[in-house]
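Colleague: give me coordinates for this.
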Amino acid sequence: MKQSRQMDDRSVIDQRLPYTVRKVAGLAVRIAATRDGAALRCSRRACRKDGCCRADHYGREGAHCTGKPSSRAASEVEAMMTFLAALSMGAVQV
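Modeller: Next up, the predicted model:
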């Protein structure tokens, strides 16, 4: 069985990226983690209480998602960021 990729601020968000890109990537991680049910498995009380991922992906230690999102959730983040890149380069006509 393939081991799921760990989604956290170290693997998804590089501090060398512009602030806005980091914010969007953090939002993508939180959305995917929530859709994956990670909030219900999370060690953070705020995530379990609100029913959504509340992880802060801006480089603070321990800020990664502790709900153990699956590799499917990691793929969703990748898809969201690919779409955003295509949109910003004009590859998607709206």
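
Colleague: how near is residue 77 to residue 36?
Modeller: In this view, residue 77 and residue 36 are 10 Å apart by C-beta to C-beta, to the nearest Å. In short, each C-beta sits where N, CA and C put it, glycine included.

Colleague: also residue 90?
Modeller: In terms of C-beta to C-beta, residue 90 sits 31 Å off from residue 36.

Colleague: more neighbours: which of these two?
Modeller: residue 36 (23 against 8; other C-beta atoms under 10 Å).

Colleague: residues in contact with the residue nearest to residue 42 when sequence neighbours are not counted?
Modeller: Leaving out its chain neighbours, the residue that sits closest to residue 42 by C-beta to C-beta, 6 or more residues apart in numbering is residue 67, at 3.8 Å. For residue 67, the contacting residues are 33, 36-43, 47, 53, by C-beta atoms under 8 Å, 6 or more residues apart in numbering.

Colleague: which SSE is the residue nearest in space to the middle of the chain in?
Modeller: Most central residue of the chain, judged by C-alpha distance to the mean C-alpha position with C-alpha atoms, centre = their mean, is residue 29 at 1.1 Å. Using DSSP states H and E, residue 29 sits in helix 19-35.

Colleague: quick one: average pLDDT of that helix?
Modeller: The pLDDT scores in helix 19-35 average 88.

Colleague: how near is residue 88 to residue 81?
Modeller: 11 Å.

Colleague: one step back: the residue nearest to residue 42 in helix, strand or coil?
Modeller: State at residue 67, reduced to three classes by DSSP: H, G, I helix; E, B strand; the rest coil: coil.

Colleague: I'm done for today, thanks for sticking with me.
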